[in-house]
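> Test case, fold it:
(3 chains)
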Amino acid sequence: MARYITKRVVLLVVIIIFVSIATFFLVHLLPGNPATTILGPNATPQNVAAINRQLGLNKPLWQQYFVWIGNVFQGNLGQSYTTHETTTSIIAQAFPIDLELIILSQIFAFALAFPMAMHAARRPNKLFDQAANSGTFAMLALPPFVIAPVLVLLFAVHWHVFPGPASYVPLTQNFWSNVHTMLLPSIVLALGSIVVYFRLLRNDLISTLQEDFITMARSKGLSDRRIMWRHALRPSSISLLASAGVTVGSLIAGTFIVELLLQMPGLGYQLISSVNQDDYTVVQGITLFVAVAIVLINFIFDFLFTIVDPRIARE
Amino acid sequence: MSERTVLEVENLEVAFATSRGPLRAVQGVSLELEQGKTLGIVGESGSGKTVLSRAIMGLLPRTTASQSGSVRYKGAQILNAPDDELRKLWSTHIAMVFQDPMTSLNPVQRIGHQITEPLRVHLKLSKSEAKETALSLLMQVGIPSPTERYEAYPAQLSGGMRQRVVIAIALACAPRLLLADEPTTGLDVTVQAQILDLLGHLQHERDMAMILVTHDLGVVATRTDEIIVMYAGNVVERAPTNVLFKSMAMPYTEALLNSMPRLANPSHTRLTAIDGRPPDLLRPTPGCPFSPRCPYAQDKCHVEKPSLVETAPGHSYACWYPLGAGRRDGNAPAQREPVVP
Amino acid sequence: MSSVSLTHPTNEAFADIKGEIAAEEAADTTKKRLGPLFWGCAGFIVLVAFLATFASVLPLPNPDLGNYSSAQNAGPGWGHLLGTDDLYRDILSRLIYGARVSLVVGFGGALIGLALGGIPAMISAFRRGRVDTVLNTTSYVFLAFPAIVAVIAIVSFWGHSLFKITLIIGIFAAPLIYRVVRAATLSYATRDFVLAAKALGASDTRILTREILPNIMPTIVSFGLIAVATIIVLEGSLAFLGLSVQPPTPSWGNMLNEGASLLTGAKGQTNPWLVIFPASAMFLLLFSLNVVADKLRAYFDVTEIKL
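Numbers count the residues shown, from 1 in each chain, chains lettered A, B, ... in the order given. Predicted coordinates for the structure are as follows:
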């Protein structure tokens, strides 16, 4: 077991190193020059050269990379060329929005997908199951950029149930307003997850319910509900856990899109605006943060998975 | 039917709906069982014996299995009864021991919990009462140091011990009827005898009725009061145990007996298998279902299906040309050598 | 069934068995049809492709330039079947021309991904060895990186042409396609019939194309369609953010963008049709792709038993 963990940790470190290199070069191999951005109309050649020296942009790329990495380890992700805020503070303000969005949407997704899957697994291929399956196809065909405008049209413009875009209220300011503004985006984001969770759980439940120990549990005179909750659910949740790592990436992508659509100042919004303003440091910082977060989350889920099913570690 | 009668099955038929037509797994089976007695049901795989035991208990999925006939437990009709009524009987009156304890125990639950579950749900025992009872049950089924084993997961026990746990679970609420479906298949031979002895002992102690389903004649030889031999969903012979072994009438029963490997035989003795393959239950052939493989089959056997007829008291069989020179005109089959199983 | 004892099988008995098997197969009514829903969805996809391809030949108003004699933000009517947008352009025409973007990026990106990811996957999974390990680890690393961030950054800096977008998305789709094709190839590469072909002296290329490829084709086709759907979603999201093909060129994503900004009343008027029609078109296309992919998968999956 220990060997397996060390192997995974080493892989984790390697991946993070690669990711940081990729991030760095991604930003630096693209056209554009931060100096001209900063200077704007004052971009004379001497000024540009001076800024370059000041920012260390005239050194070879490899050196710049190590300087940057060194700074990162000290918690310094640089600062924005335009607003002069530190990247870390930008991230710190934007990140909680995405976090809350993700958490809320996953709560919705689980709350809906679990009962659906349990009901469908009881009577596979019958009416409810078929309807639920068709429903998931429909949900797959409603990605955030399609469903969000429609929902805004219906619920914000037409019926005034939810607030429209650009109406985000921070949690610290007003709890209920915050929840009110978060509901629509969370629902939009939850759709994709519902599909994944429902399918996985339903399939797993169906195969678990065919196992001998379920027949035995029935013969013990236990109620169907008890069998479903106490006996069938636990073994079936394993593949949910296994796939959780994979779905995180697309979840983050969806989160960015949703907050951009509804104009909430999360990481996606910051990313796009810094990209538009050629604000390389911020782009780099945010990208690194997100990439490392995804890698870490994948690693944690992998680890949890081996705890639940120790056989994996022995491979 | 006496007041000691626990189970009465009349003309039970079970058919499964498949895409290629109905599969008739059990065809017209009748039997009776009294308190304290053991019935053995013997047959190959595909003979319908497992379906029969599940149908008696009521465990078959209603959606795919159509059941007709009558199954009475202590006079009450339980065939096709609704699930919530059956649940009142399961575990408290009728219980089942399944074949493979590795798959019939929940792998992620501790065995102590699996034993106490029916106790708490049906008998409404408190947590501590249930635990005490469970520990006592573990001792009764012969598991040493039960307090340690109580917290174990099924994978941590040996095959024999797992089966003992399954028996403990089945007997937890003191049922009156126990159905044991191949309880020893897959266990070591030495462990098999132990488990069967245990079952017999517990049955005796509790005056339960028991049905032993198996493919192995040796299992039922000394542990049953009556034996039913099944083939292709039909009962082909029924007799009290000693009568069956002394004077078996069905060629199939004889073939089963001959196919048992005997310790007494010299090593490298060829195993006698029954020629041919089990019948296709989807398209039953006319005539006796065993006729394609029967070494004594005659023309009539392939054309007309013999019905179950009782010749000697308690002894019925379905064969046109039973063993021995006797024909089906009332003569009893010739006496055979007593067979020591 | 003949009365011949099967103790000593004869030709007669064999003939009997063969006849039995033939009768079984004929009577096998296990339903493996594709169903009307499949054909409906497949037909829709073909229809959209047809309209997009022949858009310039069809009698459609100019999608890029508005016609000031028409109404603005009108609902569906005679002159304009699906109405107009706020720049006096015909929505139906924009919808059909916009389909080009989705289809080209979707299918083009998937093909690029298949070429860049699928072909190396088959070869390396079959040969195994160092190359396979390196490629596999690389795909892991690639997949660990948040693709959307990278695509946003690259497209913003590099350019918005249809070709560039298709290429970029195709490149980022390659690792995932690689993983899937590799897994599928592996499951067949170890089987005996491949070994038998090798023993007969078949070259690797021959084995790959003649033995393995036909077997993994169903997986590739059905996963490929899912990939197309996913890519269309990705492009649509980018378009919504203004990062795909630029206006006035229509794409369903940027039409939704315009529709959405109109909703908030930023320009003083609303046009729900600019949201409803592109959204419906996108919905129907994605739905059809997913259904077709799933039905194909079920059709070819011989291990799936339906009672």
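> For the stretch 201-315 of chain A, which residue gets nearest to chain C?
Closest residue of the stretch 201-315 of chain A to chain C, CB to the nearest CB: residue A:253 (4.0 Å). The way it works is simple: take the backbone N, C-alpha and C, and place the C-beta from them, glycine included.
> any idea which element that residue lies in?
helix A:238-261 (DSSP states H and E).
> and if you look at residue B:238?
strand B:234-240.
> Which neighbouring elements make contact with that strand?
On a contact count with 3 or more CB pairs under 8 Å, 6 or more residues apart in numbering or on different chains; DSSP states H and E, strand B:234-240 meets strand B:21-34, strand B:226-231, helix B:251-258, strand B:315-317.
> Would you reformat the ones you listed as JSON lines and include distance to chain A?
Conversion of the helices and strands packed on strand B:234-240 to JSON lines gives the following (distance: least, CB to the nearest CB, whole Å):
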{"stretch": "strand B:21-34", "distance to chain A": "16"}
{"stretch": "strand B:226-231", "distance to chain A": "21"}
{"stretch": "helix B:251-258", "distance to chain A": "26"}
{"stretch": "strand B:315-317", "distance to chain A": "30"}
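> Write out the residues of the stretch 101-250 of chain A neighbouring chain C.
Contact residues (CB under 8 Å from any CB of the partner chain) of the stretch 101-250 of chain A with chain C: A:125, A:137-138, A:140-150, A:152-153, A:156-157, A:164-166, A:249.
> Please repeat the previous calculation with a cut-off of 6 Å.
Listed as neighbours of chain C in the stretch 101-250 of chain A under the rule CB under 6 Å from any CB of the partner chain: A:137, A:140-141, A:143, A:145-146, A:149-150, A:152-153, A:157, A:164-165.
> With neighbour count and secondary structure as extra columns, can I get the residues you listed in CSV?
Below are those laid out as CSV (neighbours: other CB atoms under 10 Å in any protein chain shown; DSSP: H, G, I helix; E, B strand; the rest coil):
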residue, neighbour count, secondary structure
A:137, 20, helix
A:140, 25, helix
A:141, 22, coil
A:143, 25, coil
A:145, 28, helix
A:146, 26, helix
A:149, 28, helix
A:150, 21, helix
A:152, 24, helix
A:153, 22, helix
A:157, 18, helix
A:164, 19, coil
A:165, 23, coil
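> quick one: low-confidence ranges for chain A?
A:1, A:29-43, A:55-58, A:81, A:164-172, A:242, A:245-246, A:306-315 (pLDDT under 70).
> that older thread, may I ask which two of the residues of the stretch 101-250 of chain A next to chain C are separated the most?
A:137 and A:164 (28.9 Å; CB to CB).
> in its sheet, what does the strand holding residue B:238 sit against?
Applying DSSP bridges to the sheet, strand B:234-240 is found paired with strand B:226-231 (antiparallel), strand B:315-317 (antiparallel).
> could you dump these to a markdown table with distance to residue C:249, mean pLDDT and mean neighbour count?
Formatted as a markdown table, those follow (distance: least, CB to CB, whole Å; pLDDT from 0 to 100; neighbours: other CB atoms under 10 Å in any protein chain shown):
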| stretch | distance to residue C:249 | mean pLDDT | mean neighbour count |
| --- | --- | --- | --- |
| strand B:226-231 | 76 | 91 | 25 |
| strand B:315-317 | 87 | 85 | 22 |
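> and of those strands, who's closest to residue B:178?
Comparing those under CB to CB, the one sitting nearest is strand B:226-231, at 15.4 Å.
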